[in-house]
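In: Sequence isn't available, so here's the structure alone:
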Ligand SMILES: Nc1ncnc2c1ncn2[C@@H]1O[C@H](COP(=O)(O)OP(=O)(O)O)[C@@H](O)[C@H]1O
Ligand SMILES: [Mg+2]
């Protein structure tokens, strides 16, 4: 069984003189939720369009479910559900009719899947209302219901929560989690905001100006972004014992230069310094450190945080 | 039936422009004969050729252009072409399914006047002679063949232009001017003359006046059957080739 649902191999796409993708190697493991992060124009949609067969690579290849010939890729796309740059809907059709058109397109037998998917996304009561009269959130959810037709193994969602209200974001996030956990669907979800996918993605790929800067697991990302207290005292060994005993934690590290990185109790620095002082230690340096997700991301892409 | 054909057929049945065109033509078919002066004792054959076919000929190249814009080009602007193209079907199959159903839609539109205006007129006027059945059926068959040939050209341009407004505008302009331009060209460039005369743009005018099928010669078969069918196929393959190479936004 192939471990990867999608792999790209030195994938490049050139538009005029602009490298929209530059030798990109992504690898998406079966069962993961892959957060694909990059600013507007970074190349997210371009990669997704190549994967879906809407654009052709300039150089490089892709592999879907382990398949890479042109004919096999077409077949493999039957196992994918997509929303690419906004939901694709027939505006004069109802939710039901939109799903019916796509059901026929995919050759799925039986209309039961339509009601099932409408219920799944909470659109079962829209009746005769045409898709053009839907709110943005409803359109996104209808797009998701369409993408889920035929029980795809791999869901590709290009900025699906763009423009949703906070409640809508939470709902979609919960739904995606459920699809991933209960049905084992692998998900590729792109966003220009890293923190938007926090709590959802199990893996991240960070793309900037067509280059994949980093690909890492959520755990690795959390470690990189971990907050800690940087503590420097006259007697590090004693400090370590004190912290261990008084705060019953081993979640710290004594660095070679004698400073201590304390990863726990980051939110109560006053308590720590008080205890250390009471134990007769002289505090030379004491400060909270570490980056939040967005700062980490901003540093990574070398840009300046906007706004 | 093939899944792509089923899906396209479903969408055609739900297409608003398709129903608007049908209703408009039905209304015209029923109402327009009332305004025509010719009273009792008209020759149905002359009436069919002189009024119905000649009016139909004017709209053949125009009304389906509207359907082409909404049924084909708008798939791009709505974004639904992305779902179709990534659905795991080959581009060639997708294109020919679209073209087939669009051709059927065009044929339906173009047969409304010959069938319903003829029917309504016959009831109102009580012709003293009905058109020859062979000629009537022949004209229906020819209209269907030509409708498909024109549809194939329209599908190609709709695929290239990827926008319903642009496609409709361009096609209306193209089909309004092409006849005159080709006539001008055939007068200027001698060796093009036979190609132009036999092209569907020219020969289509003649289906009103040609003889019944029993009196056809082999040139007629070539001009009125083979050339339109070839036109359908050539533009169909050209269009599918363009679609295969096309990047879809
Ligand atoms: N069809 C196209 N023609 C020319 N340039 C394009 C085309 N599509 C995308 N690009 C360019 O490629 C780059 C990446 O775009 P895109 O993949 O849409 O970014 P993202 O989805 O990350 O916002 C951008 O600079 C964009 O202008
Ligand atoms: Mg994008």
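Out: Right, received. Where do you want to start? Quick caveat, the model's predicted, so the values are computed rather than measured. Ligands and ions are numbered 1, 2, ... in the order given.
In: Tell me who's in contact with the nearest residue to residue B:246 once chain neighbours are set aside.
Out: Once flanking residues are discounted, residue B:246 sits nearest to residue B:159: 7.1 Å by Cβ to Cβ, 6 or more residues apart in numbering or on different chains. Every C-beta, even on glycine, is put in place using the N, C-alpha and C of the backbone. Going by Cβ atoms under 8 Å, 6 or more residues apart in numbering or on different chains, residue B:159 touches B:72-73, B:95, B:239, B:242-243, B:246.
In: So residue B:159 lies in a helix, does it not?
Out: Yes. The assignment for residue B:159 is a helix, going by DSSP: H, G, I helix; E, B strand; the rest coil.
In: Give me the distance from stretch A:156-169 to the chain's centre.
Out: 12 Å (Cα atoms, centre = their mean, to the nearest Å).
In: List the buried residues of that stretch.
Out: Across stretch A:156-169, burial judged by 16 or more other Cβ atoms under 10 Å in any protein chain shown covers A:156-162, A:164, A:168-169.
In: Would you mind listing the two of those residues that lie farthest apart?
Out: A:156 and A:168 (19.6 Å; Cβ to Cβ).
In: so which helix or strand takes in the most centrally placed residue in chain B?
Out: Central residue of chain B (Cα atoms, centre = their mean): residue B:147, 2.6 Å from the mean position. Assigned by DSSP states H and E, residue B:147 falls within helix B:133-161.
In: any idea of the angle the following helix or strand past that helix forms with helix B:133-161?
Out: Where DSSP H and E defines the elements, the next helix or strand beyond helix B:133-161 is helix B:164-188. In terms of direction (axes from the mean of the first three to the mean of the last three Cα atoms, to 10 degrees), helix B:164-188 departs from helix B:133-161 by 120 degrees.
In: Helix or strand next in line after helix B:164-188, which one?
Out: Per DSSP H and E, the helix or strand that comes after helix B:164-188 is helix B:193-198.
In: and ligand 1, which of the contacts of residue B:159 reach it?
Out: By Cβ under 6 Å from any ligand atom, no member of the contacts of residue B:159 lies near ligand 1.
In: now these: which count as buried?
Out: The buried subset of those - by 16+ other Cβ under 10 Å - is B:72-73, B:95, B:239, B:243, B:246.
In: Of those residues, which is the nearest to ligand 2?
Out: Among these, residue B:246 lies closest to ligand 2 (Cβ to the ion), at 19.2 Å.
In: what ranges do the strands span in the stretch 201-307 of chain A?
Out: A:203-208, A:211-217, A:228-233, A:252-254, A:260-262, A:283-289 (DSSP state E, counting those that start in this stretch).
In: List of residues touching the fourth one?
Out: Right, strand A:252-254. Residues outside strand A:252-254 that contact it (Cβ under 8 Å, 6+ apart) are A:228, A:236-237, A:240, A:243, A:260-264.
In: any idea of the mean pLDDT in that strand?
Out: Confidence over strand A:252-254 (mean pLDDT, whole number) is 89.
In: now the second one
Out: Across strand A:211-217, the average pLDDT comes to 95.
In: That one - contacts with which helices or strands?
Out: If contacts are counted by 3 or more Cβ pairs under 8 Å, 6 or more residues apart in numbering or on different chains; DSSP states H and E, strand A:211-217 sits against strand A:18-24, strand A:203-208, helix A:293-301.
In: what do you get for the fifth one?
Out: Here strand A:260-262 touches strand A:228-233, helix A:236-246, strand A:252-254, going by 3+ Cβ pairs under 8 Å, 6+ apart.
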